[in-house]
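J.: what follows is a protein structure lacking sequence information:
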């Protein structure tokens with residue numbers, strides 16, 4: 001986002017003024033719907049033009065990892081040493097190099113038992129999965145962690161998550177956790193947003209199913225293929241305690257039809273205590289709302305795109321359709 005902002009700032013000289021406005025989600029419904037379509041990879045409705053961008057439209061400048069500058073004193077020569085941690089293990093495995101100190105030789109032999117050389121590359125056995133992870137230098141590892149943390153697909157995750165993603169990608173170096181903690185500590189965005197309180201505004205309300213036919217989950221599906229009787233929609237109600245399923249085919253999903261469906265359930269199993277449903281127009285209509293208030297039924301609404309709340313409906317509807 002910072003790169004795109006810099007590109008916009010380059011156009012300031014061509015305009016009399018430039019202002020940035022933050023639009024709330026409630027007032028930006030069209031962009032919110034388009035983002036959900038992109039995340040779900042759903043079919044794009046007619047009238048919406050799609051342009052596939054396989055690469056960023058702006059050039060992202062990669063900043064090399066900063067290293068402390070060492071200024072030599074006058075009359076002194078600088079000796080650049082090879083700090084690659086793989087060199088000791090490669091010399092021990094390939095050249096069978098030994099050390100004068102027995103403890104150091106024993107320590108390196110115990111450490112090299114977890115590594116294997118394939119060609120000229122060093123790999124390490126994974127203790128959990130048994131696969132081989134490619135051993136890379138610390139500079140390459142810092143570059144990979146930076147890419148995972150804050151580049152194109154980065155989500156500014158914590159140090160433990162960064163290390164897990166790097167290991168699952170098949171890379172290993174011994175200072176992974178320390179490097180990940182240093183990247184998170186130096187990230188301005190992580191330090192800024194970590195100060196904000198992420199606790200919910202109110203405590204979660206649990207709805208324990210205490211007795212049968214007291215709490216129902218309600219949903220609708222359609223339009224489906226028209227059958228005899230002009231039925232194209234389905235109402236589904238599930239008892240949260242016994243998982244008993246009630247299904248009814250209807251021709252239209254109106255608030256009056258939902259009230260009739262609940263009234264049929266009431267005649268068979270009694271008046272429920274509460275009903276959980278989504279924010280569909282048929283469940284928020286005045287006729288259904290008035291019916292629930294007259295019957296002393298509490299209404300609770302869940303998110304429309306909540307996957308855990310809709311997974312059970314999808315399984316039931318597929319079985320009913322078959």
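T.: Cool, the structure landed. For clarity, every value in this text was computed on a predicted model and none was experimentally measured.

J.: specify the beta-bridge partners of the nearest residue to residue 116 once chain neighbours are set aside.
T.: Leaving aside its sequence neighbours, residue 116 sits nearest to residue 123 (CB to CB, 6 or more residues apart in numbering; 5.3 Å). Heads up, the C-betas are built off the backbone N, CA and C, glycines and all. Residue 123 has the following beta-bridge partners by DSSP bridges: residue 116, residue 134.

J.: so who does residue 123 touch?
T.: Residues near residue 123 by CB atoms under 8 Å, 6 or more residues apart in numbering: 115-117, 132-135.

J.: ok, which pair from these is furthest apart?
T.: Greatest spacing in the contacts of residue 123, by CB to CB: 117 and 133 (13.6 Å).

J.: on that earlier part again, check the gap between the residue nearest to residue 116 and residue 172 for me.
T.: From residue 123 across to residue 172, the span is 8 Å (CB to CB, to the nearest Å).

J.: anything in contact with each of the two?
T.: 133-135.

J.: quick check, nearest of those to residue 302?
T.: Nearest to residue 302 among the shared contacts of residue 123 and residue 172 is residue 133, at 42.2 Å by CB to CB.

J.: now for the closest one, how many residues are close by?
T.: Neighbour count of residue 133, defined by other CB atoms under 10 Å: 20.

J.: go on, residue 235?
T.: Neighbourhood size, residue 235 [other CB under 10 Å]: 21.

J.: can you name the residues bridging to it?
T.: residue 220, residue 248.

J.: contact partners for it?
T.: In this structure, residue 235 makes contact with 218-220, 247-250, 253, 257-258, 261, judged by CB under 8 Å, 6+ apart.

J.: distance of it relative to residue 220?
T.: 5 Å.

J.: which SS class is residue 271?
T.: What DSSP: H, G, I helix; E, B strand; the rest coil gives for residue 271 is coil.

J.: skipping its backbone neighbours, what lies nearest it in space?
T.: residue 295 (5.8 Å).

J.: check the one you found and give its pLDDT.
T.: pLDDT for residue 295: 86.

J.: repeat that for residue 178.
T.: We have a pLDDT of 91 for residue 178.

J.: the residue nearest the centre of the chain is in what secondary structure piece?
T.: For the chain, residue 155 is the residue whose C-alpha lies nearest the centre (CA atoms, centre = their mean; 8.6 Å). Using DSSP states H and E, residue 155 maps to neither a helix nor a strand.

J.: ramachandran angles for the closest residue to residue 114 other than its chain neighbours?
T.: Computed as CB to CB, 6+ apart, the closest residue to residue 114 that is not its neighbour in sequence is residue 125, at 5.3 Å. Torsion angles at residue 125 (phi, psi; degrees, to the nearest 10) stand at phi -70, psi 130.

J.: how about residue 285?
T.: Main-chain dihedrals, residue 285, degrees, to the nearest 10: phi -70, psi 160.

J.: and for it, the neighbour number?
T.: Residue 285: 18 neighbours (other CB under 10 Å).

J.: equivalent analysis for the one 10 residues further on, please.
T.: The burial count assigned to residue 295 is 13, neighbours taken as other CB under 10 Å.

J.: thought residue 266 was touching it, still the case?
T.: Yes - here residue 295 lies in contact with residue 266, judged by CB atoms under 8 Å, at a distance of 7.1 Å.
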